[in-house]
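> below is the sequence, then the predicted model.
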Amino acid sequence: MHTYDLNVILDPLLSETQVQTEKDAIAAQVQRYNGEVVTLEEPGRQRLAYEIRKGREGYYLFYTLKLSNEAPRAIEAALKVRDNVMRVLFVKDKPEWKTLRARKPKAEAAPAAPAPTA
């Protein structure tokens with residue numbers, strides 16, 4: 001089992017029940033391939049960087065999933081045929097991509113040199 005990030009953009013005009021239906025469909029696809037939803041972030045309706053389907057907004061869902069190697073392609077294909085799904089992106093999560101800034105101590109600032117006297 002590998003960890004994947006799944007980013008989904010839905011039609012921004014969906015009602016709460018329609019959004020829940022799409023989330024249930026995504027969860028069903030993950031369970032179908034014996035996967036697990038680790039986290040779900042739902043930023044909601046946001047402006048797009050470029051137009052999709054002549055629209056400038058989308059409803060965003062960000063998942064972190066644990067899946068086998070073959071599952072992402074099958075899930076992506078199943079989600080792309082859904083009418084309310086505008087975009088689907090799977091990314092394999094790699095530990096070396098994580099930033100280590102939080103663990104590294106900040107470099108100590110060197111003392112400033114005294115100002116020259118004239």
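Thanks, I have the structure now.

> for the strand ranked longest in the chain, buried residues please.
Longest strand of the chain, by residue count under DSSP state E: strand 36-52. Across strand 36-52, burial judged by 16 or more other CB atoms under 10 Å covers 37, 48. Heads up, the C-betas are built off the backbone N, CA and C, glycines and all.

> need the longest helix for this structure.
Ordering each helix of the chain by length in residues (DSSP state H) puts helix 16-32 first.

> same for it, what does it pack against?
Contacts defined by 3 or more CB pairs under 8 Å, 6 or more residues apart in numbering; DSSP states H and E place helix 16-32 against strand 2-10, strand 36-52, strand 55-67, helix 71-80.

> now those in TSV, with distance to residue 28 and mean pLDDT?
Below are the helices and strands packed on helix 16-32 laid out as TSV (distance: least, CB to CB, whole Å; pLDDT from 0 to 100):
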stretch	distance to residue 28	mean pLDDT
strand 2-10	14	91
strand 36-52	11	88
strand 55-67	13	91
helix 71-80	9	91
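
> quickly find the element holding the residue lying closest to residue 76 once chain neighbours are set aside.
Spatial nearest neighbour of residue 76, chain neighbours left out: residue 88 (5.2 Å); criterion: CB to CB, 6 or more residues apart in numbering. Applying DSSP states H and E as the criterion places residue 88 in strand 85-92.

> what does that strand contact?
Strand 85-92 has contacts (CB atoms under 8 Å, 6 or more residues apart in numbering) with 2-11, 22, 52-53, 55, 58, 72-73, 75-76, 79-80.

> thinking again about what came up before, residues contacting the longest strand of the chain, please?
Residues contacting strand 36-52 (CB under 8 Å, 6+ apart): 1, 3, 9, 12, 23, 27, 30, 55-67, 86-87.

> buried only: go through these for me.
Buried among these by 16+ other CB under 10 Å: 9, 12, 23, 30, 57-61, 63, 65-67, 86.

> next, the buried residues of the strand holding residue 88.
Using 16+ other CB under 10 Å as the test for burial, strand 85-92 gives 85-86, 88, 90.

> that concludes my questions; thank you for your assistance.
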